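Trainee: 3D, please:
(one chain, ligands or ions: 2)
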Amino acid sequence: MHDRLTIVKVGGKVVEELDSLKAFIKDFASIAGQKILVHGGGRSATAIAQQLGLETKMVEGRRITDQNMLDVVVMVYGGLVNKNIVAQLQALNKQAVGLTGADLDLVRAVKRPVKDIDYGYAGDVTGVNTEQIEDLIKNGVIPVVAPLTHDGKGQMLNTNADTMAAELAKAFASVFRVSLVYCFEKKGVLSNPADDDSLIANLSYEMFDEYKESGVINDGMVPKLDNGFAALKRGVSEVFITNIKGLSSGLSSGTLLSLD
Ligand SMILES: Nc1ncnc2c1ncn2[C@@H]1O[C@H](COP(=O)(O)OP(=O)(O)O)[C@@H](O)[C@H]1O
Ligand SMILES: CC(=O)N[C@@H](CCC(=O)OP(=O)(O)O)C(=O)O
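Mentor: Ligands and ions are numbered 1, 2, ... in the order given. This next block holds a predicted model:
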């Protein structure tokens, strides 16, 4: 039987403010066993780009990443956000190491081919190298992974953080019993996005399709769930969508995905 590995992805709304980041890190640190943290930071990148006079363009939840925007996201995700998280974990005596996809050749990608839209330096993942960080994880070190990849020829690329988490989860599923947790600001997937109490505790793929069709599930939740179901299909043991409270309660609340 493989050991359990919990991979938590935390989004931009939680990491952009110090108070919510601290609360999240405290709950994340209390999860028993081996873990990886994948962070976003899209909101911070947008804010800093604006201060630098760069306009943000998103298409279907993906950032159009030209050379200037790539410089911003490498600095913000690989630097500011990543190191603040590592420092918060160290403050709780948790041994953590901050990584991008280029570090230890963790995640390779190709620049997304231009079809109708040119996403610029957006990376589509081609491979995950689990070998280098497996021993780190087994020794209790927490990898903190930024949503940045590389192409193996010296080019950094910007990859959506939800996708990054799902790709890591799929790759580690052959080595660990993986739980993938998407932590964001709502209780989980809601049947009425205006009503915070309308939590869907169990979401099947069929229900997801129907809710997507009727527009109940939309926006950033669609790629998140596409990624989550793809991970389940590829051997990840469980996928949760939850908030900080769900995380601190030992994953007893939130939305659990199922394939049937
Ligand atoms: N049915 C739904 N239940 C919950 N959230 C939903 C739903 N449909 C759309 N959303 C939206 O999806 C967003 C989460 O996606 P995203 O912004 O990509 O999250 P993050 O970047 O924090 O991971 C929520 O802020 C919410 O507005
Ligand atoms: C290609 C692409 O869109 N990359 C994302 C990576 C950050 C991210 O996903 O952050 P959140 O989880 O906070 O949204 C972006 O630059 O916004």
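Trainee: shouldn't Gly98 be within a helix?
Mentor: No - looking at Gly98 with DSSP: H, G, I helix; E, B strand; the rest coil, it is strand, so not inside a helix.
Trainee: quick one, what contacts it?
Mentor: Neighbouring residues of Gly98 by CB atoms under 8 Å, 6 or more residues apart in numbering: 78, 82-83, 85-86, 144, 146. Any C-beta I mention is one placed from the backbone N, CA and C, and that applies to glycine too.
Trainee: 10 Å instead?
Mentor: By CB atoms under 10 Å, 6 or more residues apart in numbering, the residues touching Gly98 are 37, 39, 78-79, 81-87, 89, 142-146.
Trainee: narrow the residues you listed to just the buried residues.
Mentor: Using 16 or more other CB atoms under 10 Å as the burial test, the contacts of Gly98 include 37, 39, 78, 81-82, 84-86, 89, 142-146 as buried.
Trainee: closest to ligand 1 out of these?
Mentor: His39 (9.8 Å; CB to the nearest ligand atom).
Trainee: that closest one reaches Lys9, doesn't it?
Mentor: Yes - His39 is within contact range of Lys9, at 7.4 Å (criterion: CB atoms under 10 Å).
Trainee: how much space between Lys26 and Leu80?
Mentor: Here Lys26 is placed at a distance of 20 Å from Leu80 (CB to CB, to the nearest Å).
Trainee: what's the answer for Ala29, then?
Mentor: Ala29 is 20 Å from Leu80, by CB to CB.
Trainee: ok, now Val107?
Mentor: 20 Å.
Trainee: have a look at the two and say which one is more surrounded.
Mentor: More crowded of Val107 and Leu80, by other CB atoms under 10 Å: Val107, with 28 against 16.
Trainee: circling back: between His39 and Lys9, which contacts overlap?
Mentor: 145, 147, 161, 164-165, 183.
Trainee: strands - which of those residues land there?
Mentor: Applying DSSP state E to the shared contacts of His39 and Lys9, the entries found in strands are 145, 183.
Trainee: near ligand 2, list only the ones from the shared contacts of His39 and Lys9.
Mentor: Filtering these for proximity to ligand 2 by CB under 6 Å from any ligand atom leaves 147, 161.
Trainee: and the shared contacts of His39 and Lys9, which are buried?
Mentor: Taking 16+ other CB under 10 Å as the criterion, what is buried in the shared contacts of His39 and Lys9 is 145, 147, 161, 164-165, 183.
Trainee: turn these into TSV, columns for pLDDT.
Mentor: Formatted as TSV, these follow (pLDDT from 0 to 100):
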residue	pLDDT
Val145	98
Pro147	98
Ala161	97
Met164	98
Ala165	98
Cys183	96
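Trainee: nearest to ligand 1 among these?
Mentor: Proximity of the buried ones among the shared contacts of His39 and Lys9 to ligand 1 (CB to the nearest ligand atom) peaks at Ala161, which lies at 6.9 Å.
Trainee: now do the contacts for the closest one.
Mentor: Contact analysis of Ala161 by CB under 10 Å, 6+ apart lists 9-12, 15, 38-42, 77, 145-148, 182, 224, 227.
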